[in-house]
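Colleague: Next input, structure requested:
(3 chains)
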Amino acid sequence: MSDFETVIGVEVHVELNTRTKIFCQCPTTFGAEPNTQVCPICLGMPGTLPVLNEAALEAAVKAALALNCRVAEKTKFDRKNYFYPDLPKGYQISQFDEPLAADGWLEFDVDGQARRVRIRRVHLEEDAGKSLHGAADEATLVDFNRTGVPLIEVVSEPDLRSPEEARAYLTKLKTVIEYTGVSDVKMEEGSLRCDANVSVHRAGSDFGTPVELKNLNSFRAIKLALDYEVERQTKLVEGGGAVARETRLWDEKAGQTRPMRSKELSHDYRYFPEPDLVPFHIDPAWVAEVRGSLPELPDAKRDRFMAEYGLPAYDAGVITGSPSLAAYFERAAAAAKDPKKVANWVLGELLAYLNAHELGFDRIPVSPENLAALISLIDRGLISGTIAKSVFPEVCATNRDPEAIVKEKGLMVINDEGAIVEAVDRAIADNPNVVADIRNGKERAMGFLVGQVMKATKGRANPETVNRLVRERLGRT
Amino acid sequence: MPITKDEVRHVAALARLQLDEAAVERMTGQLGIILEHIARMNRLATEDVEHTSHTLPAMGNVVREDVVHRGLDRDSALANAPAREGPFFKVPKVIEDQEA
Amino acid sequence: MTEAITAHELRDRVKRGDISAEEATRAALDRIEAVDGRLRAFLTVTPEAALDQARAVDAARRRGDRLGPLAGVPVAVKDNFCTEGVRTTCGSRILENFVPPYSGTAVRRLAEAGAVIIGKTNMDEFAMGSSNENSGFYPARNPWDLDRVPGGSSGGSAAAVAAGEAVVAFGSDTGGSVRQPASFCGVVGLKPTYGLVSRFGLVAFASSLDQIGPLTLDVTDSALALQAVAGHDPLDSTSARYDPPDYLAAIEGDVKGLRIGIPREYFGEGTEPAVEAAVRKAIEVLVGLGAKAEECSLPHTDHALSAYYIIAPAECSANLARYDGVRYGLRAAGAEDLADMYAKTRAQGFGAEVQRRIMLGTYALSSGYYDAYYLKAQKVRTLVRQDFERAFAKYDVLVAPTSPTVAFKLGERAENPLAMYLADVCTIPVNLAGLPGLSIPCGDDGGLPIGLQLIGRALDEATLLRTAHAYERAVGFTPRLAPADPAAGKGGRA
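Modeller: Numbers count the residues shown, from 1 in each chain, chains lettered A, B, ... in the order given. Sure, this is the predicted structure:
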């Protein structure tokens, strides 16, 4: 198997988060009651006509620029003809030979190695509705709310060489799009969808026959389906067989791909120029304006975080992996003294909390100011790191001022030496054997006494103070 | 370029039209005559000719603002449906897999 | 209506209070009642809604409100105009029970102009045809001779106006579907420049060719009717950004010095001698008024037909894909699964001509044939356009027959689709080039009307209307209703 090479190209559909659909004025809210966000236009009623939403055009240009594409000066829409119950007009308004943008690239890391994949094209099109199969009497039920939601299709060149690379490419693509703000890029809500073309060939020979994979609904599915398919094709070729050019569906439950049952015929899409829309001329000056409106993108932000905050590359990479998290970090860093400590907290306690509570980076419950305040309590010696960690869940849950929480709970470090001396003396009095050991030269037993004091003060005593006082009281300075 | 019966069957499948054998026969004959006439345009040299898909004068991009305008309520949307189930349009079972 | 009355005349009488809109509407409805059993120009008549609209006009007049330019005028629209709450069939069984939840822009503008919409007219199914025989329900008849066709596809609209069932009617013209029936029925039919009238709400046949136009008794009405519907519409991306001139003002004036081109290709071998004679006589009339006329050539005319019969079917094959039995319209019973339902529904719902065009268009776009047919046709379309550009560098108007023949008998061409297609040779190139064309009666052959076609520059409807109006005045035209009587067909027309 080792002398086989894999070639993967990926097509990604991204729903744009405009207020209205691409060709009509229906809202695009996700999760509305079925067939309540429809009008004669998106239902494909006779006599209706499309008019392009300018926000969809701008969003698509934004995404294309973020993916380093060249935006066309002239672009047009075409009809892609096929029949399906959730495709109301019997054709999808898409783009064929004059896409909005082309010739881009995306850089990402795989195992610490930088990889660059070329992006063939980015085009604009309308989404279809949703078909729910297998209702009562085996009927299919159709909801047209999603019909006409604007989509961009991002097509990569077949530059990916492993399922792992494909996954890394998609992760980076998702991040970049998320930065531009033109999409929610939520795979679980279908606002990011992925198809892949995959082939295998023996090293040194020509590329194999590509197989199209559909129904890859999660990052996990992408990896599993590609792994499965690479193995299937490799075995086939090793056994002297030939890979058929076909479309296969990933069956999540069965953990395998299977060929689609529809015939070759469905691939004759009979594209032709959409007569209901006139061609679009994209003014380069406007494109420059849109480029100027792009936010700082992940790579630039990572580099800046390394330079400005002194973060290690890995930490900066993880934090800038999400625009929400990066923005959160910056606000917290601005409120705190030491950005590195903030980064440690973000990457440690915060991520753990978000994972445990299944919260996205856009729903971080604790404000960056409160996180900074918590770190500041440690810096000021008012609480220990351990105490800070122990109260963090509550700080998150309530998003209240950490100092108030710590005070209420009586967890503030005891700096009053008198109080600590009392505890030290009690520990000495209660543990004569240990004291004897120490006096006999067993210095390590000192730790036990310190522990007793910490326990008695519920961890609030400053450990350094306790150490010093134990030594003093035992006359071991 | 005359059209064959097999091509007629293929095109009917693409167009989702059920044609019986008599209809295939009739259609093949009629389309053949029409296509033969149409093929006369192939005598024209058009290598350097631009194609026309619109006759409109250049008029700038036609776009609209991203402003919500409420469409149909659900019952109006479903009023013409040959079959519905609850809030959904209903169609016979799908044997073909999802297209896109 | 038992006597011909034009819209401008009727509107003025309504404004003066000589006749109420309700009376005018009742007169039109009575005429429908009297003759439509034979004429079959309507697929749907809406008396209650029409009388309500008429009474609203009358109430507005009593209040002293400003009345619209078509106030109280009974208007019929072709049944491919979407009308909210009123069945819109497109002449097809597949839409037999379709009730649109919205009205198209033209219909809304007509209502705003005070027009009273009395019903939906018969048509060739999905506007595909030149005789009305392709109606999915029943063919409309020619009111001058009920054994003959009224032309198509807007045959019902032309027949309704000619017979006085409506004062004004609207149709759509994709390859001659307003002008040819106007010619056959002896009324004025105008196909405006592509983009002048919004297509929003017009059920699409071929999107890059379709254009709404009025059928009227005289040229003044044509100007009035065009004015009511013309102008930019943000709901139609192919609507021209253009402020229409005052067409009623534009029809006044003479044709002195007007340069007329007579394209020789429009007088081909199938042209009936009576048609050619009438058209040449009409040209002499214009020359007598001071116009200059000479023969010219539009060399790609013959190929225009080929290009049209690829482009229109190709666009229609996509436009008609939505009739799939899912959201509206017919669904065939007894289908085993979705694919079966599609194929059965479309085979049962579409008539023979529509199926033929869907097949032709699907074929022309299918893998392996696109370049040879569709792309080639689009290039030929450019050549056709360039023919006109060259001609309009020299001439202000081109003049030709609208149709090579007068109205033919029902069934006469039904067995030969190609012969039917070839008869559109004079009108099709105009659609391919997106230009305005107007058909005006210019005589008759044994009582069967002959149409004179005027073709103009893009958005120069004004010159067409002015020329037609000058002709109308010169020949002393007075509108006369067609009898729509079984005994008719022998008598002549003035």
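
Colleague: Geometric centre of chain B: which residue is closest?
Modeller: Closest residue to the average C-alpha location of chain B: residue B:15 at 6.8 Å, with C-alpha atoms, centre = their mean.

Colleague: which helices and strands sit right next to the longest helix seen in chain B?
Modeller: Taking DSSP state H as the criterion, chain B has its longest helix at helix B:21-38. Packing partners of helix B:21-38 (3 or more C-beta pairs under 8 Å, 6 or more residues apart in numbering or on different chains; DSSP states H and E): helix B:5-14, helix C:301-319, helix C:352-365, helix C:417-422. Using the backbone N, CA and C atoms, a C-beta is placed for each residue, glycine as well.

Colleague: just so I know, which of those lies nearest chain A?
Modeller: The closest of the helices and strands packed on helix B:21-38 to chain A is helix C:352-365. By C-beta to the nearest C-beta, the value is 3.8 Å.

Colleague: Now the element after the closest one, going C-ward?
Modeller: Counting by DSSP states H and E, the next helix or strand C-terminal to helix C:352-365 is helix C:376-394.

Colleague: elements contacting that following helix?
Modeller: By 3+ C-beta pairs under 8 Å, 6+ apart, helix C:376-394 packs against strand C:259-263, helix C:301-319, strand C:397-401, helix C:428-433.

Colleague: Only the C-alpha atoms, please, for that helix, written as CSV.
Modeller: C-alpha atoms of helix C:376-394 as CSV (Å, rounded to 0.1, in the frame of the first residue of the first chain):
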residue,chain,number,x,y,z
LYS,C,376,-24.3,28.2,-33.0
ALA,C,377,-27.8,29.6,-32.7
GLN,C,378,-26.6,32.4,-30.4
LYS,C,379,-24.0,33.4,-32.9
VAL,C,380,-26.6,33.4,-35.7
ARG,C,381,-28.6,35.6,-33.4
THR,C,382,-25.7,38.1,-33.4
LEU,C,383,-25.7,38.0,-37.2
VAL,C,384,-29.5,38.7,-37.3
ARG,C,385,-29.0,41.6,-34.9
GLN,C,386,-26.2,43.0,-37.1
ASP,C,387,-28.5,42.8,-40.1
PHE,C,388,-30.9,45.1,-38.3
GLU,C,389,-28.1,47.4,-37.1
ARG,C,390,-26.9,47.9,-40.6
ALA,C,391,-30.4,48.5,-41.9
PHE,C,392,-31.2,51.0,-39.1
ALA,C,393,-28.1,53.0,-40.0
LYS,C,394,-29.9,53.8,-43.3
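
Colleague: Now find how far off-centre that helix is within its chain.
Modeller: 23 Å (C-alpha atoms, centre = their mean, to the nearest Å).

Colleague: Next one: the residue nearest to the centre of chain B from chain C, what distance?
Modeller: Remark: distance between residue B:15 and chain C (C-beta to the nearest C-beta, to the nearest Å) = 4 Å.

Colleague: just the helices and strands packed on helix B:21-38: most buried one?
Modeller: Most buried of the helices and strands packed on helix B:21-38, by mean neighbour count (mean count of other C-beta atoms under 10 Å in any protein chain shown): helix C:301-319, with a mean of 26.

Colleague: quick check, the helix or strand just after that helix touching chain B?
Modeller: Heading C-terminal from helix C:301-319, the first helix or strand you meet, by DSSP H and E, is helix C:338-349. Yes - taking C-beta under 8 Å from any C-beta of the partner chain as the criterion, helix C:338-349 and chain B are in contact, through C:338-344, C:346-347.

Colleague: just to revisit the earlier point, now the element after the longest helix of chain B, going C-ward?
Modeller: In N-to-C order, the element after helix B:21-38 by DSSP H and E is strand B:63-64.

Colleague: Point out the other helices and strands that that next one packs with.
Modeller: Helices and strands touching strand B:63-64, by 3+ C-beta pairs under 8 Å, 6+ apart, are strand A:52-53, helix A:54-66.

Colleague: What strands line up against it, and which way round?
Modeller: Using DSSP bridges, strand B:63-64 pairs in its sheet with strand A:52-53 (parallel).

Colleague: could you dump the helices and strands packed on helix C:376-394 to CSV with mean pLDDT?
Modeller: Output for the helices and strands packed on helix C:376-394, formatted as CSV (pLDDT from 0 to 100):
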stretch, mean pLDDT
strand C:259-263, 98
helix C:301-319, 97
strand C:397-401, 98
helix C:428-433, 98
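
Colleague: Just the mean pLDDT for stretch A:415-435, thanks.
Modeller: Mean pLDDT, stretch A:415-435: 87.

Colleague: What of stretch A:63-70?
Modeller: Average pLDDT, stretch A:63-70: 98.

Colleague: Okay, residue A:355 and residue A:397: tell me how far apart.
Modeller: Counting by C-beta to C-beta, to the nearest Å, the gap from residue A:355 to residue A:397 is 15 Å.

Colleague: Those two - which one has more neighbours?
Modeller: For residue A:355 versus residue A:397, neighbours defined as other C-beta atoms under 10 Å in any protein chain shown are more numerous around residue A:397 (12 against 9).

Colleague: Which residues lie in contact with residue 218 in this structure?
Modeller: Using chain A here. A:187-188 (C-beta atoms under 8 Å, 6 or more residues apart in numbering or on different chains).

Colleague: You answered for a different chain; I wanted chain C.
Modeller: With C-beta under 8 Å, 6+ apart, residue C:218 has these contacts: C:6, C:188, C:472, C:477, C:479.

Colleague: on that earlier part again, out of the helices and strands packed on helix C:376-394, flag the one nearest chain B.
Modeller: With C-beta to the nearest C-beta as the yardstick, what comes closest out of the helices and strands packed on helix C:376-394 is helix C:301-319 (4.0 Å).

Colleague: wait, does the closest one contact chain A?
Modeller: Yes - applying C-beta under 8 Å from any C-beta, one finds that helix C:301-319 is in contact with chain A at C:314-315, C:317-318.

Colleague: List the residues that contact residue B:42.
Modeller: For residue B:42, the contact set (C-beta under 8 Å, 6+ apart) comprises C:372, C:376.

Colleague: What's the separation between it and residue A:445?
Modeller: Remark: distance between residue B:42 and residue A:445 (C-beta to C-beta) = 104 Å.

Colleague: cool, residue C:333 as well?
Modeller: 93 Å.

Colleague: Same check on residue C:19?
Modeller: With distances taken as C-beta to C-beta, residue C:19 is found 119 Å from residue A:445.

Colleague: do residue A:295 as well
Modeller: For residue A:295, the distance to residue A:445 - C-beta to C-beta - is 59 Å.

Colleague: Repeat that for residue A:108.
Modeller: 55 Å.

Colleague: next one: residue C:413
Modeller: Going from residue C:413 to residue A:445 by C-beta to C-beta gives 116 Å.

Colleague: List the contacts of the nearest residue in space to residue C:388 that is not next to it in sequence.
Modeller: With sequence-adjacent residues excluded and distances taken as C-beta to C-beta, 6 or more residues apart in numbering or on different chains, residue C:388 is closest to residue C:433, at 4.7 Å. By C-beta under 8 Å, 6+ apart, the residues touching residue C:433 are B:55, C:381, C:384-385, C:387-388.
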